[in-house]
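Engineer: pasting the structure only:
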């Protein structure tokens, strides 16, 4: 297994200035897994769905090449999130959250999956992320994402789990919250200092690109100018899934240039994700279009 993703599979009801949809396939594990598979990584998902999870959605995930032995069907309904974007769509306003079967989610990693090349703990309560880390010994990297909710209500647990991984992916607001510092560079440097030696911190900055701290210093990769913003849901997850896929192909410590290349590919995939409602933009990506967009991104900085 190149990449194992643990996170949510969900149905999203989304309103944006450009489009809207009800009960669209979503969830952090869904976006990250589809992105990993699109980048030629063998990828397994660990998560839970309800009895209402549609056969066509399971078939879509399987046809993308995802391994679903770690996805459990529980009695009840699938996690449902309802959100609305406005203006520049920089952040969603949550209108309703129904945890449903996700409320009792207790991740169990299949025995055959306990040594993936890269483990990605997508956004979950840090206690669950810790449990997953206890079950797995990835051969190269342990990656982790989080959110502001866990900083508010489970900060000590989150800090503990951050110190157990090799690569942390957070957005700029979360980094500022953790460091209690409005200056992003200073906040990122403080947080990087709290991680284990040689860990990598990747800070997502939306339309302003990505700031990363590697043992060799700072890296910056811009975002990809996109012709049409439809729905930014899942961009961060598809970004992380792409990065995990690229880093699963290497060996040993992650080098600076390897990280840069992975971040560039991740930025490109995220730019396609936001061009469609739900997962449609991610699923519709063509390799030729990705190559063209990657070349355009590199032309901005090289």
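Structural biologist: Noted; the coordinates are in hand. Keep in mind the model is a prediction, meaning the values are calculated, not measured.

Engineer: only C-alpha atoms for contact and neighbour calcs from this point on.
Structural biologist: OK.

Engineer: Where does residue 144 sit: helix, strand or coil?
Structural biologist: Under DSSP: H, G, I helix; E, B strand; the rest coil, residue 144 falls in the strand class.

Engineer: ugh, wrong one, I meant residue 44
Structural biologist: Residue 44, by the three-state scheme (three-state DSSP), is strand.

Engineer: Please name the nearest non-neighbouring residue to it.
Structural biologist: residue 67 (4.4 Å; CA to CA, 6 or more residues apart in numbering).

Engineer: Please identify the buried residues of the strand or helix carrying the one you found?
Structural biologist: Assigned by DSSP states H and E, residue 67 falls within strand 66-73. Across strand 66-73, burial judged by 16 or more other CA atoms under 10 Å covers 66-67, 70-73.

Engineer: Which helix or strand lies directly C-terminal to that strand?
Structural biologist: strand 80-84.

Engineer: Off-centre distance for that next one?
Structural biologist: Chain-centre distance of strand 80-84: 18 Å, with CA atoms, centre = their mean, to the nearest Å.

Engineer: which other residues reach the helix or strand that that strand is followed by?
Structural biologist: Sequence-wise, the next helix or strand downstream of strand 80-84 (DSSP H and E) is strand 93-98. Here strand 93-98 makes contact (CA atoms under 8 Å, 6 or more residues apart in numbering) with 79-85.

Engineer: one step back: partners of the strand holding residue 67 in the sheet?
Structural biologist: Strand pairing for strand 66-73, using DSSP bridges, gives strand 43-49 (parallel).

Engineer: For the partner strand, give me every contacting residue.
Structural biologist: With CA under 8 Å, 6+ apart, strand 43-49 has contacts from 1-10, 29-30, 33, 36-37, 65-74, 77-79, 101-102, 105, 107-109, 113.

Engineer: let's see it at 6 Å
Structural biologist: Residues from elsewhere that reach strand 43-49 (CA atoms under 6 Å, 6 or more residues apart in numbering): 3-8, 66-68, 70-73, 78.

Engineer: ok, of these, which one's closest to residue 176?
Structural biologist: Taking CA to CA as the measure, residue 176 lies nearest residue 7 of these, at 23.8 Å.
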